[in-house]
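task: produce atomic coordinates for the following.
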Amino acid sequence: MSVTMTIAQREFKSFFGTPLGWMSACILFLVSGIVFYIEVLMMLRSGQAVDPMSDILGQILNFLNYINIFVIPAFTMKVMTEELSHGTHRLLDSAPLHPWSIVCGKFLGVMFYFGVLGLLLLVYPSYSFIFSEPDVRVLASGWLGMMLNTATIVSIGLFIASLTKNPVLSYLGSTFFIILFLFSGFIPGAPEWYKHSANILDMSGEFTKGIIKTGTIATFIAIILIFLFLTRFVVESRKWRV
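Numbering: from 1, shown residues only. So this is what the prediction gives:
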């Protein structure tokens with residue numbers, strides 16, 4: 001466990017030492033600020049009864065979930081593909097480390113970064129307390145949904161990034177596969193359970209309404225574990241080639 005946390009801490013710190021971490025944070029805060037301003041302005045002009053936490057938070061998180069499809073692959077590319085292209089992965093592969101420690105360490109490193117940003121981004125919906133009495137439970141469930149959605153995209157991105165040494169191919173491949181995974185639920189004849197499971201954006205959207213279903217959480221966890229296991233398989237097979 002200490003090895004996993006050491007790898008996670010190293011990856012987490014590395015994000016704030018490169019332009020990638022700061023530029024991504026600026027993009028997420030800028031988009032969140034714009035959406036927050038527009039939503040509050042429309043709410044004040046309409047004069048209608050609106051649930052500020054559900055409506056404002058829902059719109060912000062929906063935009064962030066879409067943007068994460070294009071932002072997160074850059075981070076999974078950095079923690080996985082860049083090591084392959086520079087050859088530094090051989091240090092980890094040749095060390096007496098379990099593949100799960102490497103995979104989980106990199107996964108947690110990315111999640112720590114987006115977890116911190118996610119907490120800081122709560123400052124926007126928190127402004128709702130100034131002019132209303134919003135439901136804190138909706139705020140908490142919405143944040144949980146965003147983190148589960150983020151973790152799913154990170155796990156998919158890590159798997160695709162572990163397959164190639166080309167950073168461009170890693171980023172484009174991860175983004176394309178995530179979009180393909182989302183739209184695979186619309187394939188004619190696909191089972192209903194798969195249509196629901198593949199649309200991670202809709203599943204995370206349920207949380208912004210304060211709806212927490214154990215089945216939805218289990219689906220997120222199952223998808224995350226599947227792709228982490230696939231990443232672990234790729235990393236383990238690479239160790240034998242060192």
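
could you point out which element follows the longest helix anywhere in the chain?
Longest helix in the chain by number of residues (criterion: DSSP state H): helix 19-46. From helix 19-46 onward toward the C-terminus, using DSSP states H and E, the following helix or strand is helix 52-76.

from the contact counts, what lies against the longest helix of the chain?
helix 52-76, helix 99-121, helix 123-126 (3 or more C-beta pairs under 8 Å, 6 or more residues apart in numbering; DSSP states H and E). For the C-beta atoms, the positions are set from N, CA and C on the backbone; glycine is no exception.

report the inter-axis angle for that helix versus helix 99-121.
Helix 19-46 and helix 99-121 are oriented at 40 degrees to each other (axes from the mean of the first three to the mean of the last three C-alpha atoms, to 10 degrees).

in helix 19-46, which residues are buried?
Burial within helix 19-46, assessed by neighbour count using 16 or more other C-beta atoms under 10 Å, is assigned to 20-21, 24-25, 28, 31-32, 35-36, 39-40, 43.

angle of that helix against helix 52-76?
Relative orientation of helix 19-46 versus helix 52-76 (the same axes, to 10 degrees): 160 degrees.

low-confidence regions, this structure specifically.
Filtered on pLDDT under 70, the chain yields the residue ranges 1, 44, 46-55, 83-97, 125-135, 238-242.

what's around the residue nearest to T76 when sequence neighbours are not counted, how many residues?
On the basis of C-beta to C-beta, 6 or more residues apart in numbering, the spatially nearest residue to T76 that is not a chain neighbour turns out to be G157, at 3.2 Å. For G157, the neighbour count with other C-beta atoms under 10 Å is 32.

surely G157 is in contact with F75?
Yes: G157 is in contact with F75 according to C-beta atoms under 8 Å; the separation is 7.4 Å.

and the residue nearest the centre of the protein?
In the chain, the centroid-proximal residue (C-alpha atoms, centre = their mean) is T150; its distance is 1.7 Å.

so which elements touch whichever strand or helix holds the residue nearest to T76?
Remark: G157 resides in helix 136-161, with elements defined by DSSP H and E. When contacts are defined as 3+ C-beta pairs under 8 Å, 6+ apart, helix 136-161 packs onto helix 52-76, helix 99-121, helix 123-126, helix 167-183, helix 200-207, helix 214-239.
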